[in-house]
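> generate a structure from the sequence data that follows.
(one chain, ligands or ions: 1)
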Amino acid sequence: MLNFLYKYFLRKILFLLNPETAHKVVESFLYLIPNKLFNIFFKYNFSKDTSTVIFGNNVPSPVGIAAGLDKDYKSTPKYLSLGFGFSVVGTTMINPRKGNPKPRLIREKSKGELVNALSFPSDGSYKILNRLKNYPSPRERIIISVSGTSEEEIIENLLLFQDFCFAVEINISSPNTTDLKKFVNHNSIRSILKKSRKVTNLPIFIKLPRLLEIEYYDELIKATQEFDQVGVVLCNTLPVTDSRLSVGNGGRSGKSLFDSTLSILKYVRKSFPEITILCSGGISSPDQAKMLLESGANALQIYTALIYEGPGIIKEINDSLSY
Ligand SMILES: Cc1cc2nc3c(=O)[nH]c(=O)nc-3n(C[C@H](O)[C@H](O)[C@H](O)COP(=O)(O)O)c2cc1C
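The predicted model follows:
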């Protein structure tokens, strides 16, 4: 029903708008509609079969919302009601940011993909923190994605959220924020984690980029495994050049990423049998979700498929996992 409504009615209307406006419209609706009213129509009843443990924390489904969809903690409570097991809020920097000039988000309808060069437009960590304080979601279903321009800023940022989430995701892999590339090496990863572990035991995920040389994951991930309760998110968007974007380059997400997500997962799982892995990139069907979980992913994150397939996608995946 939800699928039908979305694909034959709502999506047609939303796709008449430019992608950022469509996002704002949906986000405002989800922010303003009271939870109780939303739940009467859309609440998903989880089966026990889909519950999953991530770093000792129980989530009702292994499929969550990927970072970037709810940058400012405005729609997460509704996504959790729809059947997502957890939501990654952010990426947030401490200070509010405008992001890159527009155009910075392109819909590629025929491919089921998006190309974005947003570069973290957000209300900033303190506003998000206030929203979390006033409208809390269960801590055990929230991951906060943080970043920063220096190691110290990243640590300061993650500490702000430690009472509101079961884990933080450190984003060092957005292709749209040039400053981040300096953290993609084993010394920086080790240094960030060492500093973090001096001040918090909160589980941490490092969100890694799609690397050209697959062997380089060994070096990066080895550094993460010197610390307790550290996992990885594989992976962020695919860096591309695109003259339709004001800045000329961005990150591709959606269907075509799935094969690379699966091969990176298989490679990393073989080298690191014990590590906690969350997979992100191109997941758009129950079969693909199953394939990743059976290939060793501990949990999954979805963004672009929600835009193209609609909210019914999570019910389909959950239902298929509970048999
Ligand atoms: C418009 C847009 C904004 C995004 N913003 C973020 C972000 O702020 N932080 C982050 O770690 N990833 C961000 N991502 C990447 C997603 O979290 C995800 O890793 C990627 O889109 C691949 O998954 P998908 O194919 O299911 O969309 C963004 C993706 C899109 C499409």
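> residue 217 touches residue 269, doesn't it?
No - in terms of C-beta atoms under 8 Å, residue 217 does not count as a neighbour of residue 269; the distance is 10.7 Å. Yep, even glycine has a C-beta here, placed from its N, CA and C like the rest.
> now the closest residue to the ligand within the stretch 51-200 of the chain: closest residue in space, sequence neighbours ignored.
Sorted by distance to the ligand under C-beta to the nearest ligand atom, the residues of the stretch 51-200 of the chain start with residue 68, at 2.1 Å. Leaving aside its chain neighbours, residue 68 sits nearest to residue 303 (6.1 Å; criterion: C-beta to C-beta, 6 or more residues apart in numbering).
> show me the contacts for the one you found.
The neighbourhood of residue 303, defined by C-beta atoms under 8 Å, 6 or more residues apart in numbering, consists of 65-69, 253, 280.
> look up how far residue 51 lies from it.
Applying C-beta to C-beta, to the nearest Å, the value for residue 303 to residue 51 is 23 Å.
> just read off the phi/psi values of residue 230.
Summarising the backbone geometry of residue 230 under the convention degrees, to the nearest 10, its torsions are phi -120, psi 130.
> wait, it touches residue 206, no?
Yes - with the criterion set as C-beta under 8 Å, residue 230 and residue 206 qualify as a contacting pair; they are 7.0 Å apart.
> between these two, which contacts overlap?
Listed as contacting both residue 230 and residue 206 by C-beta under 8 Å, 6+ apart are 193, 224.
> look at residue 287 and give its secondary structure.
Per DSSP: H, G, I helix; E, B strand; the rest coil, the local secondary structure of residue 287 is helix.
> what helix or strand does the residue in the stretch 151-300 of the chain that the ligand sits nearest to sit in?
Among the residues of the stretch 151-300 of the chain, residue 253 lies closest to the ligand, at 3.1 Å counting by C-beta to the nearest ligand atom. Remark: residue 253 resides in strand 249-254, with elements defined by DSSP states H and E.
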